[in-house]
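J.: Sequence and predicted structure below; questions after.
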Amino acid sequence: MSGQPQVLRVAMVDDEVPLSLAVRRILAKYRVSVEAVGVDVVYATAHFGDGEHFLESLAGGAEYDLLLLDLKLPGMNGLDILTELGKQGHLLLTIMVTAYATFETAVQATKLGAYDFLPSLSHQRSSATRCAKPPISSSSAARPAGSPKSSAKCASTSSPCSRTS
């Protein structure tokens, strides 16, 4: 591709610093070539630990093409931020990424203008590793292949184990 690459400005509002840092590192190395239109795209990222600082940056003239927005934040939550963006007339492609995904919250977020609503990896990771020890069977006999995992219990707590693998 010829010429200067197009820069996609990404704002991430999330109070989980390690997750935000990981996303910023990935995007800093990522480059997309769109051959159909002869454009290369690179990413410039900005991180905000809360919604108030993000909204202040917009009020100060900052512009973004994409917003990665957490639901649970200190101060304003993600839905409050979406509401405020709508009131201020900001048209910003927003993807909510949260460990607290519910169907109701996803519907509410999309009604407020979010383009998509995704459960975060930290939520999937915590579900996958809920058991500290391997599950133990509730019966002494081995379960047949394909039988439900609901009979598995966490060895350390005897609570249901929802391992994903």
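T.: Yes, it's here.
J.: Restrict stretch 64-71 to CA atoms and write it as PDB.
T.: Presented in PDB, the C-alpha positions along stretch 64-71 are these (Å, rounded to 0.1, in the frame of the first residue of the first chain):
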ATOM      1  CA  TYR A  64     -12.000   8.800  18.800                       C
ATOM      2  CA  ASP A  65     -13.200   6.400  16.100                       C
ATOM      3  CA  LEU A  66     -13.800   3.400  18.500                       C
ATOM      4  CA  LEU A  67     -14.600   3.100  22.100                       C
ATOM      5  CA  LEU A  68     -14.000  -0.100  24.100                       C
ATOM      6  CA  LEU A  69     -16.100   0.400  27.200                       C
ATOM      7  CA  ASP A  70     -16.300  -1.600  30.400                       C
ATOM      8  CA  LEU A  71     -19.700  -1.800  32.200                       C
END
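J.: buried sites along it?
T.: Neighbour counts using 16 or more other Cβ atoms under 10 Å place 64, 66, 67, 68, 69, 70, 71 of stretch 64-71 among the buried residues. Every C-beta, even on glycine, is put in place using the N, C-alpha and C of the backbone.
J.: same deal with stretch 104-114?
T.: 105, 106, 108, 109, 112, 113, 114.
J.: max-length helix in the chain?
T.: Ranked by residue count under DSSP state H, the longest helix found in the chain is helix 17-29.
J.: Quick one: mean pLDDT for it?
T.: Summarised as a single mean, pLDDT over helix 17-29 is 90.
J.: Name the surrounding residues that touch that helix.
T.: Applying Cβ atoms under 8 Å, 6 or more residues apart in numbering, the contact partners of helix 17-29 are 10, 12, 14, 43, 45, 47, 49, 68, 120, 121, 122.
J.: And the furthest pair within those?
T.: The largest separation in the contacts of helix 17-29, counting by Cβ to Cβ, is between 43 and 122 at 21.4 Å.
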